[in-house]
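In: here are the coordinates; sequence isn't available:
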C-alpha cells in the first residue's frame, strides 16, 4: 500500500493527500459503525428499553481524536448524572402541574444552553447533556408519573452504556492521538519564542512586527491551553505534566509581556533621539543574544540554553553598574534604570520558562510545582442571550403543546432541547441550523426506507446490520468532512431516532410519521429561534464591549488583591483579546485598533502590578505611598474611560509620584515606564495627547 | 459482601460500589504510571489500561462477591 501511494504521489501530487484524508475518514466511519452496533447489541442483550438512546449517545460522542472522546465522555457523564437527577426531582415536585413542570424544564434547559456557550471546551458538552438528559428522563414519563424512576434508570443506563462503548472503541482501536499534536505545537511555540528573542537582540523592533508577534504568541498560548485541557483525558503522562504545562504557559506569557515592555521602552527612547541611553541598553542586552546563539543543533534545546541563560543573569548586575556609570546622572540614568529593570525581569522569566520546559522534556516528573490557572474572560451577556433564546423556544413549544393537545409534543420538545444546546455553541448558528435541518430530514427519509422497506424481510442481528449499515455510514462520513458542517450530526440523530431499533422490533408507520413530523418541527423551531434572538458573538456591539473589558483589565490590575494577580492578568487579558480577534479580518482597521489596545493594556497593566508589588514590599513614607496610589488610580481611571482630560490627569499624577519617589530607587523606574507608556505616540492613547508639551522632564 | 445493597431504599447491585472502587484505584495507578512514564514499556497503552482495569475489577469482584 505505501509503495502504491508513493507511486501515485509522484504521478498525481494531489491524489496522495486526498487518499490519506479519505483513509482517516473511512477509519472514523468504521469505528463509529462498530461502536453504534456494539452499543445496540449490548443494549438489547441487557434488555434495556430503548437501544436507540445508547446509539444516539454514540453518534454524538464519536470524534476522530480519541482524547476528545474521553474528554467529552467525562463531561457527558457528569452532565448526564446532573440532568437525570434534575429530571427526577422535577417529576416529583410537579407530577400534576403541567404548566409549572414545563416552565421549570424550560428554565433548566435554557440555563444549560447558556452554560454551553460560556465554555469553549468540552465542558460545554456537559451542559448540553445536562439539559438533554433532564428532558429525556422527564418527558416520556409525563403521562405516567409513577414510572418516572424506572424510566430515569433506563435512560441513564442507556446513555452510560453508549459513553463506555464509544470511549473504549475509539481509544483502543487505531486511536488517533492528540498528544503528538500537543507536543509538536508546544515545541514549535518554544522554538518560535526563542528565535524571536534571539533575532531581536540587535536593537529595536517596529511596532507592526511586535503586533504580529503578539498575535502569534496569544494564539499559541490559548491553543496550547485548549489542547492541554483535552489531552489530559487521553494520556496519564500528560496528566502528570499538566500542572507544569500550565506553569510553562504562564511563564511564557509573563516573559512575552516583559519582552514587549522592554522593546517599547527602547523604541520610545530611540524615537526621542536619546542615542546614549539606547546604546547603553542595547549593550546591556547583547549578552542575552550571545547566550541564545548556541551551536546550530542546540538552538532550541533547553538543556543547553538553561545554564547559559542563568550565567547571563548572574553577570547582568556588574555589567549594568558599569554601563550606568558611563551615562549622565539624572534623566539618562533613570531611563537606563527603567530598561535595565525590565531586562532583569525578562531574563528571570525567560530562565524560569526554559527551566520548566527542560523539566517537561524529562521522562520522569519529580517534585511539585506552583499551581497556576489559565483564567478565562467569560462573557456573561452572550450566555444570557442564549438563555433567553432557548427559554423562548421551549416556552413557545410548551404553550403550543398544551394548547393543541398534540400527542407528539414530547418528541418536538426533546429534539428542540438537543439542538438548542448543540447549536448555541456552533460558530455560525444560522447556517449550521439550516444544514442540520437538511441532514435531519435526510436521516428521517433514510430511516423510513430502512425500517419499512428493508427490515421487514430480514431476521436476526446480522441481517439488521446488513440492511442498515450503508445508511448509518452516511452520518459519520459527513461528520468526518468538515465542509458539511452540522449535516452529519443531524443525519445521525434523525436516522437513529426514527429507526428506533428494538428487540422485538415495533412497526407502526403512522406513529413513526407523526413522530418524524414532530421532531422536524422541534429542530426547525430551535433553528428559527436564531432569527428572532440572534447570537451576539461577533457583532459590533459585542466587539466594543469586549474591547472595553480588555481595557478594564488595567483597572483590575490597579485594584484587585495582589495574590495571584500577575497570572490572572496575563491569562484573562490574552483570552479576551483572542476572543475578539477571531472575529476581525486580519489587517483591517478594527483588527489594528484592537491589537494596539491589547499591547497598551499588556504593558500598562503589568507595570501597575509590578509597581504595586514593589510598593507593598518597600519602606516608603506615607506621603510617597499616597502619591503612588494616586498615580495608580489615575491610570486606572484613564483606561476605564479614556479621554484627553483623564490622560492629562494620569500623566500629572505619575510625574508627581516620580518627584515624590526621589529617595526610593525601586519605585522610580516602574513609574517612569508607566509615564513612557502614557506618552507613547504609537499607542492608542496618543489620540488624546495634547501637542506641544515638554517631551520629558521628570 | 451482599449481592445487592440498599441506598436510600433503592436496591443497587453490589457490583456498583466495587466498580466505583476499581475506578478510583485505576486513577491512582494512572497517577503512578504518568509520573514515572511507565507507558513507554507498553506496546498499546490504551489497551493496556483497559486490560488492567478489567483485571482489577474482575479480581475485586471475585474476591468480594464470590
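Out: Thanks, I have the structure now. From a predicted model like this one, the values you see are computed outputs, not experimental measurements. Numbering: from 1, shown residues only, chains lettered A, B, ... in the order given.
In: ok, the single nearest residue of the stretch 401-550 of chain A relative to chain B - how many residues close by?
Out: Residue nearest to chain B within the stretch 401-550 of chain A (CB to the nearest CB): residue A:476, separated by 20.4 Å. For glycine as for every other residue, the C-beta is placed from the backbone atoms N, C-alpha and C. Neighbourhood size, residue A:476 [other CB atoms under 10 Å in any protein chain shown]: 25.
In: Surely it is in a strand?
Out: No. Read with DSSP: H, G, I helix; E, B strand; the rest coil, residue A:476 is helix and lies in no strand.
In: Per-residue pLDDT of the nearest residue to it once chain neighbours are set aside, please?
Out: Counting by CB to CB, 6 or more residues apart in numbering or on different chains, residue A:32 is the residue found nearest to residue A:476 once chain neighbours are left out, at 3.9 Å. For residue A:32, the pLDDT comes out at 91.
In: what does the model give the residue of the stretch 51-200 of chain A found nearest chain B for pLDDT?
Out: Residue of the stretch 51-200 of chain A nearest chain B, by CB to the nearest CB: residue A:171 (4.4 Å). At residue A:171, the model reports a pLDDT of 81.
In: Any chance of the backbone angles for the residue nearest to residue A:129 when sequence neighbours are not counted?
Out: Leaving aside its sequence neighbours, residue A:129 sits nearest to residue A:79 (CB to CB, 6+ apart; 3.4 Å). Main-chain dihedrals, residue A:79, degrees, to the nearest 10: phi -60, psi -40.
In: What of residue A:507?
Out: Note on residue A:507: backbone dihedrals following degrees, to the nearest 10 are phi -110, psi 120.
In: List the residues that contact it.
Out: Listed by CB atoms under 8 Å, 6 or more residues apart in numbering or on different chains, the contact set of residue A:507 reads A:451-452, A:456.
In: Make CSV from these and add pLDDT, secondary structure and neighbour count to it.
Out: Formatted as CSV, the contacts of residue A:507 follow (pLDDT from 0 to 100; DSSP: H, G, I helix; E, B strand; the rest coil; neighbours: other CB atoms under 10 Å in any protein chain shown):
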residue, pLDDT, secondary structure, neighbour count
A:451, 87, helix, 23
A:452, 87, helix, 12
A:456, 81, helix, 11
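In: Intersect those residues with the contacts of chain B.
Out: Near chain B, taking CB under 8 Å from any CB of the partner chain as the test, no member of the contacts of residue A:507 is found.
In: Does residue B:6 lie in a helix or a strand, and which?
Out: strand B:4-7 (DSSP states H and E).
In: Ramachandran angles for residue A:97?
Out: Dihedral angles for residue A:97 - degrees, to the nearest 10 - are phi -120, psi 90.
In: For burial, what's the neighbour tally of it?
Out: 11.
In: same deal with residue A:587?
Out: Residue A:587 has 8 nearby residues by other CB under 10 Å.
In: For it, which three-state class applies?
Out: coil.
In: ok, residue A:639 touching residue A:551?
Out: Yes. Using CB atoms under 8 Å, residue A:639 makes contact with residue A:551 at a distance of 4.7 Å.
In: Mind listing the shared neighbours of these two?
Out: Listed as contacting both residue A:639 and residue A:551 by CB under 8 Å, 6+ apart are residue A:601.
In: next helix or strand past the helix or strand where the residue nearest to residue A:476 lies?
Out: Assigned by DSSP H and E, residue A:32 belongs to helix A:13-45. Next in sequence after helix A:13-45, counting helices and strands by DSSP H and E, comes helix A:51-61.
In: Could you report the separation of residue A:647 from residue A:675?
Out: Separation of residue A:647 from residue A:675 (CB to CB, to the nearest Å) stands at 12 Å.
In: need the contact list for the residue nearest to residue A:438 when sequence neighbours are not counted.
Out: Nearest non-adjacent residue to residue A:438, counting by CB to CB, 6+ apart: residue A:487, 6.2 Å away. Residue A:487 sits next to A:435-436, A:438-439, A:442, A:478 when contact means CB under 8 Å, 6+ apart.
In: Then residue A:388?
Out: Residue A:388 sits next to A:110, A:533 when contact means CB under 8 Å, 6+ apart.
In: Next one: it, what pLDDT does it get?
Out: Looking at residue A:388, its pLDDT reads 88.
In: my guess is residue A:585 contacts residue A:591, does it?
Out: Yes. In this structure, residue A:585 is within contact of residue A:591 by CB under 8 Å, at 6.2 Å.
In: pLDDT weak spots in the stretch 451-600 of chain A?
Out: By pLDDT under 70, the low-scoring segments of the stretch 451-600 of chain A are A:485, A:536-538.
In: And the helices in it?
Out: A:460-472, A:474-480, A:487-499, A:509-532, A:540-559, A:565-581, A:589-617 (DSSP state H, counting those that start in this stretch).
In: on that earlier part again, what's the closest of the contacts of residue A:507 to residue A:661?
Out: Taking CB to CB as the measure, residue A:661 lies nearest residue A:451 of the contacts of residue A:507, at 81.3 Å.
In: Now that closest one: closest residue in space that isn't a chain neighbour?
Out: residue A:499 (5.6 Å).
In: residues contacting the one you found?
Out: The contact partners of residue A:499, taken as CB under 8 Å, 6+ apart, are A:52, A:447, A:450-451, A:468.
In: Residue A:673 contacts residue A:338, doesn't it?
Out: Yes. Using CB under 8 Å, residue A:673 is in contact with residue A:338, at 5.0 Å.
In: okay, and the common contacts of those two?
Out: By CB under 8 Å, 6+ apart, the residues touching both residue A:673 and residue A:338 are residue A:265.
In: The nearest residue to residue A:339 once chain neighbours are set aside and residue B:6, how far apart?
Out: Leaving out its chain neighbours, the residue that sits closest to residue A:339 by CB to CB, 6+ apart is residue A:281, at 4.2 Å. Applying CB to CB, the value for residue A:281 to residue B:6 is 75 Å.
In: And these two? Which one has more around it.
Out: residue A:281 (24 against 9).
In: The more buried one in helix, strand or coil?
Out: helix.
In: Wait, it touches residue A:340, no?
Out: Yes. Taking CB under 8 Å as the definition, residue A:281 is a contact partner of residue A:340 at 7.3 Å.
In: Can you classify the residue of chain B at minimum distance from chain A as helix, strand or coil?
Out: Nearest residue of chain B to chain A: residue B:34, at 3.3 Å (CB to the nearest CB). Residue B:34 carries the three-state label helix when classified by three-state DSSP.
In: so what's it scoring on pLDDT?
Out: For residue B:34, the model assigns a pLDDT of 76.
In: Spatially, which residue comes closest to residue A:503, not counting chain neighbours?
Out: Residue A:503's closest residue in space is residue A:44 (CB to CB, 6+ apart), at 4.3 Å.
In: typo on my end, residue A:529
Out: In space, residue A:529 comes closest to residue A:393 once its chain neighbours are excluded; the distance is 4.4 Å by CB to CB, 6+ apart.
In: quick one: contacts for that neighbour?
Out: For residue A:393, the contacting residues are A:416, A:420, A:525-526, A:529, by CB under 8 Å, 6+ apart.
In: Close to chain B: what parts of the stretch 101-250 of chain A are there?
Out: A:168, A:171-172, A:175, A:235-241.
In: about what we covered before: ok, how many other residues are close to the residue nearest to residue A:129?
Out: With other CB under 10 Å as criterion, residue A:79 counts 28.
In: Report whether the expected contact of it with residue A:122 is present.
Out: No. Residue A:79 lies out of contact with residue A:122 (CB under 8 Å); the separation is 10.1 Å.
In: Quickly list what's touching both of those two.
Out: Joint contacts of residue A:79 and residue A:122 (CB under 8 Å, 6+ apart) do not exist.
In: Going along the chain, name the strands of the chain.
Out: All of this refers to chain A. Ranges of strands in chain A, per DSSP state E: none exist.
In: Sorry, I should have been clearer: chain B.
Out: B:4-7, B:10-13.
In: what sits up against the first one?
Out: By that I understand strand B:4-7. Residues from elsewhere that reach strand B:4-7 (CB under 8 Å, 6+ apart): B:11-14, B:17.
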